[in-house]
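Undergrad: 3D model of this:
(2 chains)
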Protein chains: 2
Amino acid sequence: MSAAEGPPVDAGRVIADLRELDRRTGGPDGAQRVCWGEDWRRAREFLTELLAELGLEPERDEAGNFWAKLEGESEPALAVGSHLDSVPDGGWLDGALGVMAGVGVLRAWATSGRQPPRSVFLVDWADEEGARFGRSLFGSSAFSGTLDPDRVRRLRDSEGRELPQVLGANGVDLDRVLQSGERRETLAAYLELHIEQGPVTEAEGVPVAAVQGCAGVERHRLRFTGQASHAGTTPMDQRRDAGLAAAEAALRIEGVAERNHGVATTGALALRPGIPTAVAGEAELMVDLRNPDADSLATMLDEALELAKLAAAKHRCGLENELVWRIEPIPFDEPLVSLAQETVADTGGRDEPMSSGALHDAAEVARVVPAAMLFVPSIGGISHAKEEDTSEADLAAGIEAFGALANRALPLGR
Amino acid sequence: MSAAEGPPVDAGRVIADLRELDRRTGGPDGAQRVCWGEDWRRAREFLTELLAELGLEPERDEAGNFWAKLEGESEPALAVGSHLDSVPDGGWLDGALGVMAGVGVLRAWATSGRQPPRSVFLVDWADEEGARFGRSLFGSSAFSGTLDPDRVRRLRDSEGRELPQVLGANGVDLDRVLQSGERRETLAAYLELHIEQGPVTEAEGVPVAAVQGCAGVERHRLRFTGQASHAGTTPMDQRRDAGLAAAEAALRIEGVAERNHGVATTGALALRPGIPTAVAGEAELMVDLRNPDADSLATMLDEALELAKLAAAKHRCGLENELVWRIEPIPFDEPLVSLAQETVADTGGRDEPMSSGALHDAAEVARVVPAAMLFVPSIGGISHAKEEDTSEADLAAGIEAFGALANRALPLGR
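TA: The predicted structure is shown next:
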């Protein structure tokens, strides 16, 4: 049997499963499947029901990731999946699409009367969003080994509860999460279907795209220090306005992105004292730089810091820079990306693979297991909001392409 | 007796009174004489003690203003004073200087064995700072008649207590505060000594300056509306970044001030969602424009709004403008300002009168009674902070000049 001859996924059923999940765990304000909470557990109960229909019993690993295995003719296995957890007031598709499409792949084989050429795992990664404790990609980074338990041990949620305690209530022991990585050896490849969460594919009018990797991120806090003073009595030429220094830096940093084919965002700015009647004496500007190319990302950071220095000097302010978070660009597996691109081309999708500006579990997995992704369009580029949506035609095209990609990948070894 | 021949004020005693007031109502974090509170009442008790030394008994008007009268040879009277209330963690001189200097004027005459050519009132205006309910110049605007009781009736302090209730606990009936204006007819003129609260006189090295009026203020809220979107997945050319629109507006509005010889401040900016990983979909920028000239202030507002529109358009954002507060420029009485300038010139002070960018009780009083002010330097231009200070030499020079000015004004009729 050739790869393309595997059983097709029933996209209509996958979409129906997504709607049922939304009915069970969403509401007027959107999806509420925040990880380690009640609605998230309810989502996994629903997933368990769907797997039971196929005669499969899931198991959880030490990091809280959720696995179900359909036995095939050989090992190691192909893994398909994504994450069921959402941000608060999130969308119905972010993560859930990939999990339900993965169930669709298992269902296609389980109901075909045939055994897949290698085993297939469905995986639902724990706490992709980091919505509660601020640490994204929790389960997948435990799996890949990049999570350092000691660096998250003191994290608290907004109600002051500690991460280890909340994990414990969900049956996860923080000191054992890295043991989830023992499963790496059982996997030949990992495939994930996700919504784009951006406007590119919709603007291009393509229903599906192959993804070649995730952009690297440099996230820095720039602290401009001037002198707070009275708005009425301080002449313009005697001011040291930290707010204007930050404003000038933000505008200049926009140009850094354009020059280097990346993106740059200054979405958080805090002024102190932050009142209309005082010149700001201090301003904290968060700068988030992303680029799929490591050298270009480094250039962006150099340029951004240089421009911020100039902006600070122009307004006679001091400047400190604090690294908040960084991750290098993570390319996906070239042969798998090629396979994904062939599949996408066959279904009228995007002409070439794209980079993901958002991070995904696949990026963590790609460190240790060959991985690739497919994207479907997000209407208006909107995500992490109840308005998040994808046309039914694009959803169906994406789910079917993902099924075809899984069938093409199944015969390949590691 | 000529004007200049009145008894001089004992500046050393005034400074000693200020230090004693600070000892009784201040602490390690600065002055705590927030109006209608315990420390403020304690300050007035101290003032009552000082007046009792002179055989004077103060009375309160319907707005909570505090008056003490030294009988002179004629009416109407000259009033001298300022305010004892402070912001929380405030400075020792803001307001208190003018009240204690006023006591100094009364003391000079009361201990001289002579009667002043007209009666002299000391006044301590209630709630100049508006620190508790956000309504500045409470007592003086009740006196001038511009306070509308219905516009402040629903104000609450940070602990949720309503203004009428707090006034009531201080013996003030909100529905009767405008009756304090009946005293206008008894006044020929009003003089106030205050710290500059800005850096101008210190930078110029002058110990005292005449003030020709208070700048007008236009305070507006500019709301830029773009589209919140993902920092990683939204290409630069598809963004509608409200934060960058606001940043660009702030920088352009700085130039408006320079062109029109006023000041412009953008000290408060709120981004939404306001997180590092999202392009800001909404930005609220507070713009505070000040100019002593009404036409120039109007030009500043026109230019600022036009530039904000251009900034919004450049970043493909919408713009709404909401008036938060405005007050027209209030010039002081020309003959009184001339008299103040002559006095200042005689004491080595500033060559010409300056405008005040901050508001003062004198601005409200000037609407209905001829008024003028003197400023002494603020070290580093700092005010509304425990670091607020003026050199002892400048304090003494300002207090003595104020006494001389009062003596020159006393013979003048209305």
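Undergrad: spatially nearest residue to the residue in the stretch 51-200 of chain A positioned nearest to chain B, not counting backbone neighbours?
TA: Proximity of the stretch 51-200 of chain A to chain B (CB to the nearest CB) peaks at residue A:198, 2.8 Å away. No exception for glycine: its C-beta is placed from N, CA and C like everyone else's. Nearest non-adjacent residue to residue A:198, counting by CB to CB, 6 or more residues apart in numbering or on different chains: residue B:233, 2.8 Å away.
Undergrad: ok, now residue A:373?
TA: If the residues on either side of it in the chain are set aside, residue A:373 comes closest to residue A:211, at 3.9 Å by CB to CB, 6+ apart.
Undergrad: which strands border the helix or strand hosting the one you found, and is each parallel or antiparallel?
TA: Assigned by DSSP states H and E, residue A:211 belongs to strand A:209-214. If you go by DSSP bridges, strand A:209-214 pairs up with strand A:330-331 (antiparallel), strand A:354-356 (parallel), strand A:371-376 (antiparallel).
Undergrad: would you mind measuring from residue A:168 to residue A:161?
TA: Using CB to CB, to the nearest Å, residue A:168 is found at 11 Å from residue A:161.
Undergrad: what does residue A:122 give?
TA: 30 Å.
Undergrad: more crowded one of those two?
TA: residue A:122 (28 against 15; other CB atoms under 10 Å in any protein chain shown).
Undergrad: circling back to that earlier point, so the residue nearest to residue A:373 makes contact with residue A:375?
TA: Yes. If you go by CB atoms under 8 Å, residue A:211 and residue A:375 touch, sitting 5.6 Å apart.
Undergrad: quick check: phi and psi on the residue of the stretch 51-200 of chain A closest to chain B?
TA: phi -150, psi 180 (degrees, to the nearest 10).
Undergrad: so which strand or helix has the most far-flung residue of chain A relative to its centre?
TA: Distance from the C-alpha centroid of chain A, by CA atoms, centre = their mean, peaks at residue A:233 (49.0 Å). Counting by DSSP H and E, no helix or strand carries residue A:233.
Undergrad: which residue is nearest the middle of chain A?
TA: Centroid check for chain A by CA atoms, centre = their mean gives residue A:360 as the closest residue, at 3.1 Å.
Undergrad: that residue against residue A:191, yeah?
TA: No. Residue A:360 lies out of contact with residue A:191 (CB under 8 Å); the separation is 11.6 Å.
Undergrad: just the CA atoms of the one helix or strand residue A:224 maps to, as PDB, please.
TA: Residue A:224 belongs to strand A:216-225 when assigned by DSSP H and E. This file holds the C-alpha atoms of strand A:216-225, laid out as PDB (Å, rounded to 0.1, in the frame of the first residue of the first chain):
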ATOM      1  CA  GLY A 216      13.100  32.800  17.100                       C
ATOM      2  CA  VAL A 217      12.100  35.400  19.800                       C
ATOM      3  CA  GLU A 218      14.100  38.100  21.600                       C
ATOM      4  CA  ARG A 219      11.900  39.600  24.400                       C
ATOM      5  CA  HIS A 220      13.400  42.500  26.300                       C
ATOM      6  CA  ARG A 221      12.300  45.100  28.800                       C
ATOM      7  CA  LEU A 222      13.700  48.500  28.100                       C
ATOM      8  CA  ARG A 223      13.700  50.800  31.100                       C
ATOM      9  CA  PHE A 224      14.000  54.600  30.300                       C
ATOM     10  CA  THR A 225      14.900  56.800  33.300                       C
END
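Undergrad: work out the gap between that strand and the centre of the chain.
TA: Put simply, strand A:216-225 sits 21 Å off its chain's centre (CA atoms, centre = their mean, to the nearest Å).
Undergrad: and it, what other elements does it pack with?
TA: Other helices and strands packing on strand A:216-225, by 3 or more CB pairs under 8 Å, 6 or more residues apart in numbering or on different chains; DSSP states H and E, are helix A:242-259, strand A:282-291, helix A:294-314, strand A:318-327.
Undergrad: contacts for the helix or strand just after it next, please.
TA: Following strand A:216-225 in sequence order, the next helix or strand is strand A:229-230 (DSSP H and E). Contacting residues not belonging to strand A:229-230 are listed as A:238-240, A:277-279, A:281, B:197-199, B:357-358, B:381-384 [CB atoms under 8 Å, 6 or more residues apart in numbering or on different chains].
Undergrad: next, count neighbours for residue A:42.
TA: Around residue A:42 there are 16 residues (other CB under 10 Å).
Undergrad: cool, residue A:276 as well?
TA: Counted by other CB under 10 Å, the residues lying close to residue A:276 total 19.
Undergrad: and it, how close does it get to residue B:296?
TA: Where residue B:296 is concerned, residue A:276 sits at a distance of 20 Å (CB to CB).
Undergrad: thinking again about what came up before, and the residue of the stretch 51-200 of chain A closest to chain B, what does it touch?
TA: Neighbour list for residue A:198: A:357, A:358, A:378, A:381, A:383, B:229, B:230, B:232, B:233, B:234, B:235 [criterion: CB under 8 Å, 6+ apart].
Undergrad: which among the residues you listed gets closest to residue A:91?
TA: residue A:383 (5.7 Å; CB to CB).
Undergrad: in this structure that closest one contacts residue A:202, no?
TA: No. Using CB under 8 Å, residue A:383 makes no contact with residue A:202, being 11.8 Å away.
Undergrad: neighbour count for those two, which is higher?
TA: Between residue A:383 and residue A:202, counted using other CB under 10 Å, residue A:383 has the larger neighbour count: 24 against 20.
Undergrad: and that one, how far is that from residue A:86?
TA: 10 Å.
Undergrad: what sits in contact with each of the two?
TA: residue A:94.
Undergrad: next one, pLDDT for the closest residue to chain B within the stretch 251-400 of chain A please.
TA: Using CB to the nearest CB, the closest approach of the stretch 251-400 of chain A to chain B is made by residue A:357 at 3.3 Å. Looking at residue A:357, its pLDDT is 94.
Undergrad: how about residue A:4?
TA: So residue A:4 comes in at 52 (pLDDT).
Undergrad: cool, the one 4 residues further on as well?
TA: pLDDT recorded at residue A:8 is 97.
Undergrad: list the contacts of it.
TA: Taking CB under 8 Å, 6+ apart as the contact definition, residue A:8 lies against A:108, A:400, A:403, A:404.
Undergrad: do the same with residue A:176
TA: Contacts for residue A:176 (CB under 8 Å, 6+ apart) come out as residue A:62.
Undergrad: give me the phi and psi for it.
TA: Residue torsions, per degrees, to the nearest 10, at residue A:176 are phi -120, psi 0.
Undergrad: so how far is residue A:361 from it?
TA: 20 Å.
Undergrad: then residue A:349?
TA: 22 Å.
Undergrad: who's more crowded, these two?
TA: residue A:361 (31 against 24).
Undergrad: what sits closest to that one if chain neighbours are left out?
TA: Leaving aside its chain neighbours, residue A:361 sits nearest to residue A:140 (3.9 Å; criterion: CB to CB, 6+ apart).
Undergrad: still on that earlier bit, and of the contacts of strand A:229-230, the nearest to residue A:259?
TA: Nearest to residue A:259, judged by CB to CB, of these is residue A:240 at 29.4 Å.
Undergrad: convert the helix or strand hosting residue A:47 to PDB, retaining C-alpha atoms only.
TA: Using DSSP H and E, residue A:47 sits in helix A:38-53. Only the C-alpha atoms of helix A:38-53 are listed here, as PDB (Å, rounded to 0.1, in the frame of the first residue of the first chain):
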ATOM      1  CA  GLU A  38     -12.100  22.100  35.400                       C
ATOM      2  CA  ASP A  39     -13.000  22.900  31.800                       C
ATOM      3  CA  TRP A  40      -9.700  21.600  30.600                       C
ATOM      4  CA  ARG A  41     -10.300  18.300  32.500                       C
ATOM      5  CA  ARG A  42     -13.700  18.100  31.000                       C
ATOM      6  CA  ALA A  43     -12.200  18.500  27.500                       C
ATOM      7  CA  ARG A  44      -9.900  15.500  28.200                       C
ATOM      8  CA  GLU A  45     -12.900  13.500  29.400                       C
ATOM      9  CA  PHE A  46     -14.600  14.200  26.000                       C
ATOM     10  CA  LEU A  47     -11.300  13.200  24.300                       C
ATOM     11  CA  THR A  48     -11.400  10.000  26.300                       C
ATOM     12  CA  GLU A  49     -14.900   9.300  25.100                       C
ATOM     13  CA  LEU A  50     -13.900   9.700  21.500                       C
ATOM     14  CA  LEU A  51     -11.000   7.400  21.900                       C
ATOM     15  CA  ALA A  52     -13.100   4.800  23.700                       C
ATOM     16  CA  GLU A  53     -15.300   4.700  20.500                       C
END
